[in-house]
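**Q** Mind folding the following:
(2 chains)
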Amino acid sequence: AQKITQTQPGMFVQEKEAVTLDCTYDTSDPSYGLFWYKQPSSGEMIFLIYQGSYDQQNATEGRYSLNFQKARKSANLVISASQLGDSAMYFCAMRVNKLTFGTGTQLKVEL
Amino acid sequence: DGGITQSPKYLFRKEGQNVTLSCEQNLNHDAMYWYRQDPGQGLRLIYYSQIVNDFQKGDIAEGYSVSREKKESFPLTVTSAQKNPTAFYLCASSTPRTGRDSPLHFGNGTRLTVT
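**A** Sure thing, here's the model as predicted:
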């Protein structure tokens, strides 16, 4: 069975600071994909970044990077230089045969 | 522009009535999905379809039904058997069918309220 755990229900960060959102996962399948999505208050789900289980390097997409530690089964999202528009709910997800989501972390960026 | 259209954005129904949520995509994606989101929770998979005329139950399929007669369309019916139907419903699609690296593209969701 697949499981995704996000232990931080809410986080605050000051504008222009970096923030790390935690995600751990559990699967017995050696091949899987890890994703992060952003959900603003309007409700749509926005794909941010992807990491494959066999990828050697951490994924990066602009201000987003994924800190992938396979032995620890963690896939933390790092947002650099936070902006007010980054305030949203963030979901970690894992895909083996279907996409399974964590419970999310509500991020608030403050001035 | 290609995308996923869910309609309507808000839907209100009386208890005991079936209601159908629409999901249309013009991305030429093979796979389509329905998720349910409750306040403070993540998304839970209701049904998914990897090809036309075929679909599988997700984690919380009871009280729901789907059809996949066309590649572009994957409507979800919330039946009166669903005990707690009030929720935010998200439709998604992806390609290739089983690609672990293909992200899901989501619609904007339908917020269903049943009273």
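**Q** Please name the bridge partners of the most centrally placed residue in chain B.
**A** Centroid check for chain B by Cα atoms, centre = their mean gives residue B:34 as the closest residue, at 2.7 Å. Applying DSSP bridges to residue B:34 gives these bridge partners: residue B:47, residue B:91.
**Q** Nearest residue to residue 38 in space, please, no chain neighbours.
**A** All of this refers to chain A. Spatial nearest neighbour of residue A:38, chain neighbours left out: residue A:46 (4.5 Å); criterion: Cβ to Cβ, 6 or more residues apart in numbering or on different chains. Glycine gets a C-beta too; all of them are placed from N, C-alpha and C.
**Q** The intended chain is chain B.
**A** residue B:87 (5.4 Å).
**Q** and the one you found, what pLDDT?
**A** Note on residue B:87: pLDDT of 96.
**Q** What of residue B:96?
**A** 63.
**Q** need the residues of chain A near chain B, please.
**A** A:4, A:6, A:9, A:31-33, A:35, A:37, A:42-47, A:50, A:52-53, A:91, A:95-104 (Cβ under 8 Å from any Cβ of the partner chain).
**Q** Among these, which are located in helices?
**A** Under the assignment DSSP state H, these contribute nothing to helices.
**Q** Just the buried ones among those residues, please.
**A** Neighbour-count burial (16 or more other Cβ atoms under 10 Å in any protein chain shown) applied to those gives A:4, A:6, A:32-33, A:35, A:37, A:43, A:45, A:50, A:53, A:91, A:95-96, A:98-104.
**Q** Out of those, list just those in strands.
**A** If you go by DSSP state E, those have A:4, A:33, A:35, A:37, A:50, A:91, A:95, A:99-101 in strands.
**Q** Lowest-confidence entry in those residues?
**A** residue A:99 (87).
**Q** Just list whatever residues bridge to it.
**A** residue A:95.
**Q** separation between residue B:9 and residue A:25?
**A** 32 Å (Cβ to Cβ, to the nearest Å).
**Q** More neighbours: the two, which one.
**A** Taking other Cβ atoms under 10 Å in any protein chain shown, residue B:9 and residue A:25 do not tie; residue A:25 has more neighbours (21 against 11).
**Q** from the chain's centre, how far out does the host helix or strand of the more buried one sit?
**A** When elements are assigned from DSSP states H and E, residue A:25 belongs to strand A:24-26. Here strand A:24-26 is found 12 Å from its chain centre; the criterion is Cα atoms, centre = their mean, to the nearest Å.
**Q** rewinding a little: specify the beta-bridge partners of the residue nearest to residue B:38.
**A** Beta-bridge pairing for residue B:87 (DSSP bridges): residue B:112.
**Q** which residues touch it?
**A** Listed by Cβ atoms under 8 Å, 6 or more residues apart in numbering or on different chains, the contact partners of residue B:87 are B:36-38, B:111-112.
**Q** I'd like to know how far the spatially closest residue to residue A:18 that is not a sequence neighbour sits from chain B.
**A** Leaving aside its sequence neighbours, residue A:18 sits nearest to residue A:80 (Cβ to Cβ, 6+ apart; 4.8 Å). Distance from residue A:80 to chain B, counting by Cβ to the nearest Cβ, to the nearest Å: 21 Å.
**Q** which ones are touching residue A:80?
**A** A:18, A:63, A:65.
**Q** Just the buried residues from those residues, in ChimeraX please.
**A** Those of the contacts of residue A:80 that count as buried under 16+ other Cβ under 10 Å are selected in ChimeraX with:
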select /A:65
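**Q** Kind regards, and thank you for your time.
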